[in-house]
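Chemist: coords please:
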Amino acid sequence: MKVHIIACGGAVMHNMAIALHQMGYQVTGSDDEIFDPALSRLRRHGLAPNAFGWFPEKINDTLDFIILGMHARKDNPELQRAKELGIKIYSFPEYVYEHAKNKTRIVIGGSHGKTTSTAMIMHVLMTLGKDFDYLVGSQLEGFDTMVKFSDAPIMVIEGDEYLTSALDPVPKFHKYKPQIAMITGIAWDHINVFPTFENYVEQFKIFIDSIEDSGHLAYFSGDPILEALSKEAKVQCTPYSTPHFHIRNGHVVVSLSERYELEIFGEHNLQNAEGARKVCEFIGIKEHEFYKALATFKGTSKRLEKVHEDSELIVFRDFAHSPSKLKATVEAVRSRFSDAYIIAVFELHTFSSLNKDFLPHYAQSMEKADQELVYFNPHVFESKKMDVLDNQYIEKCFGSKTEAISQINDLKEKITKFRSNVSGQRCVLLLMSSGNFDNTQLW
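Modeler: Numbers count the residues shown, from 1 in each chain. The predicted model follows:
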């Protein structure tokens, strides 16, 4: 099979190129820019384009199909050429479904915790020696790629609610038609695409309706919106909640029919684990098998990932960017390190977090920390063609303890100052962003 990928440089798209190549397909691709690590990984497999840009001459009738990335615009010259020639065009979720249509499809959705829950299921299946395909939105320890295609009987899919492609602007998770699904919770996000909360919730209703007849849905019962949607569903719905747990010798111990010591911590992670257990139960994995396998799971990249530890300081980074995720992440760190001095730092980076009307949703989201800092680079507002917010407005939205900072060196100095004022108490620095704090080490 010969396939060309338009916009092949994204995190998922370049992994898809590698996965198809490993299946023996002839794969080519194009993009107007590709950054590391994607560029180096594509080069390693001989898949990197010779030059950046769009080249309609790459599109010819020897291709079996095209995969279109979200980054490509409607007027993309390669896309136009493919349409002229009548070549089959898939968005990447459409191709994932095409590949997995005869498999058991497990799809994990929700406004937060999707990657972690998907990773937990993948870790358990791998530990138990199960054969499966997967699509996940982060590079995971123990897995060479973020996408795997094979003849395995199961595919585990992280179901993103963001849009599919320029040709088909609907959420990706509408395309997978799972037999087994999980939803972690619903908290308004992507307001540039879903302008009202009601419109955002509707996408999850459509997702639930897309579950195949006689399918299963596991959902977090603590979410009243999900509880209401489950009552309207036509498939079997199984609620899950936070399992009983306690802290022993610095580790979380979950108490179910047996007691299991875990590396993960925080109520939201334990909720994710219990939801993942329900999903695994649907495919025949028992409680003790699940939690014994999960005991070696250490988390995923940028999801409460420990990046530094010494006798005085522990540093975590987390992908948190929505108000509910910020709150859950700060509370998880406070629960785990109850006696520590916690400095929480959030970077405004997503469209929603940069939006003046949405920012009040962040009120008190970091209140469990001892110090609350919000960083923003004014150039990010400019690049997204948005008005720059002033420091006082940001501080008013977050709460009285919050300090807003717009210069990265000032942020680093402020963190150093807070740390120097701590005497005889361990410090935890929590860095939360979907960006990278201008590629600056802050400790």
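
Chemist: other SSEs contacting the longest helix along the chain?
Modeler: As assigned by DSSP state H, the longest helix anywhere in the chain is helix 267-282. Packed against helix 267-282 by the contact rule (3 or more CB pairs under 8 Å, 6 or more residues apart in numbering; DSSP states H and E) you find helix 114-127, strand 180-183, strand 216-220, strand 236-240, strand 251-255, helix 287-294, helix 323-336. Glycine gets a C-beta too; all of them are placed from N, C-alpha and C.

Chemist: most tightly packed of those?
Modeler: Comparing the helices and strands packed on helix 267-282 by mean neighbour count (mean count of other CB atoms under 10 Å), strand 180-183 comes out on top with a mean of 28.

Chemist: list the contacts of that one.
Modeler: 104-110, 117, 159, 204, 207-208, 211, 215-220, 226, 275-276, 278-279, 282-283 (CB atoms under 8 Å, 6 or more residues apart in numbering).

Chemist: let me know the secondary structure of residue 369.
Modeler: Under DSSP: H, G, I helix; E, B strand; the rest coil, the three-state class of residue 369 is coil.

Chemist: so it touches residue 341, yeah?
Modeler: No: contact criterion CB atoms under 8 Å: residue 369 and residue 341 do not qualify, at 9.2 Å.

Chemist: mind listing the helices for the stretch 1-150 of the chain?
Modeler: 11-22, 38-44, 77-85, 92-100, 114-127 (DSSP state H, counting those that start in this stretch).

Chemist: could I get these as CSV with mean pLDDT?
Modeler: Below are the helices of the stretch 1-150 of the chain laid out as CSV (pLDDT from 0 to 100):
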stretch, mean pLDDT
helix 11-22, 96
helix 38-44, 96
helix 77-85, 97
helix 92-100, 97
helix 114-127, 96
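
Chemist: most tightly surrounded among those?
Modeler: helix 114-127 (a mean of 24).

Chemist: helices or strands next to it in the packing?
Modeler: By 3+ CB pairs under 8 Å, 6+ apart, helix 114-127 packs against strand 104-109, strand 154-158, helix 267-282, helix 287-294.

Chemist: would you tell me which one of these is buried the most?
Modeler: Greatest burial across the helices and strands packed on helix 114-127, using mean count of other CB under 10 Å, falls to strand 104-109, with a mean of 27.

Chemist: mind giving me the packing neighbours of that one?
Modeler: Contacts defined by 3+ CB pairs under 8 Å, 6+ apart place strand 104-109 against helix 114-127, strand 154-158, strand 180-183.

Chemist: and these: which comes nearest residue 266?
Modeler: Checking the helices and strands packed on strand 104-109 against residue 266 by CB to CB gives helix 114-127 as the closest, at 10.0 Å.

Chemist: how about low-confidence regions in this structure?
Modeler: Judged by pLDDT under 70, the chain has no weakly predicted residues.

Chemist: can you tell me the centre-most residue of it?
Modeler: residue 115 (4.4 Å; CA atoms, centre = their mean).

Chemist: residue contacts, that one?
Modeler: Contacts of residue 115 (CB under 8 Å, 6+ apart): 136, 137, 138, 158, 300, 303, 319.

Chemist: cool, residue 299 as well?
Modeler: So residue 299 contacts 116, 119, 263, 264, 269, 305 (CB under 8 Å, 6+ apart).

Chemist: quick one on the thing from earlier: so which of the helices of the stretch 1-150 of the chain is nearest residue 245?
Modeler: helix 114-127 (15.4 Å).

Chemist: distance from that closest one to the middle of the chain?
Modeler: 13 Å (CA atoms, centre = their mean, to the nearest Å).

Chemist: and the residue nearest to residue 348 when sequence neighbours are not counted, how far is that from residue 409?
Modeler: Distances taken as CB to CB, 6 or more residues apart in numbering put residue 376 closest to residue 348, at 4.1 Å, once the chain neighbours are dropped. Residue 376 sits 14 Å away from residue 409, taking CB to CB, to the nearest Å as the criterion.

Chemist: residue 293: which of the helices and strands packed on strand 104-109 is closest?
Modeler: In terms of CB to CB, the element of these nearest to residue 293 is helix 114-127, at 3.9 Å.

Chemist: got the CA positions of the closest one in PDB?
Modeler: The C-alpha trace of helix 114-127 is given here as PDB (Å, rounded to 0.1, in the frame of the first residue of the first chain):
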ATOM      1  CA  LYS A 114      -7.600  11.000  28.900                       C
ATOM      2  CA  THR A 115      -3.900  10.400  28.300                       C
ATOM      3  CA  THR A 116      -3.300   9.100  31.800                       C
ATOM      4  CA  SER A 117      -6.300   6.700  31.800                       C
ATOM      5  CA  THR A 118      -5.300   5.500  28.300                       C
ATOM      6  CA  ALA A 119      -1.800   5.000  29.500                       C
ATOM      7  CA  MET A 120      -2.900   3.000  32.500                       C
ATOM      8  CA  ILE A 121      -4.900   0.600  30.400                       C
ATOM      9  CA  MET A 122      -2.000   0.200  28.000                       C
ATOM     10  CA  HIS A 123       0.400  -0.400  30.800                       C
ATOM     11  CA  VAL A 124      -1.800  -3.100  32.400                       C
ATOM     12  CA  LEU A 125      -2.400  -4.800  29.000                       C
ATOM     13  CA  MET A 126       1.400  -4.800  28.300                       C
ATOM     14  CA  THR A 127       2.300  -6.000  31.800                       C
END
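
Chemist: count of residues packed around residue 193?
Modeler: 16 (other CB atoms under 10 Å).

Chemist: with residue 302 instead?
Modeler: Residues near residue 302, counting by other CB under 10 Å: 20.

Chemist: and it, what is it in contact with?
Modeler: 138, 317, 318, 319.
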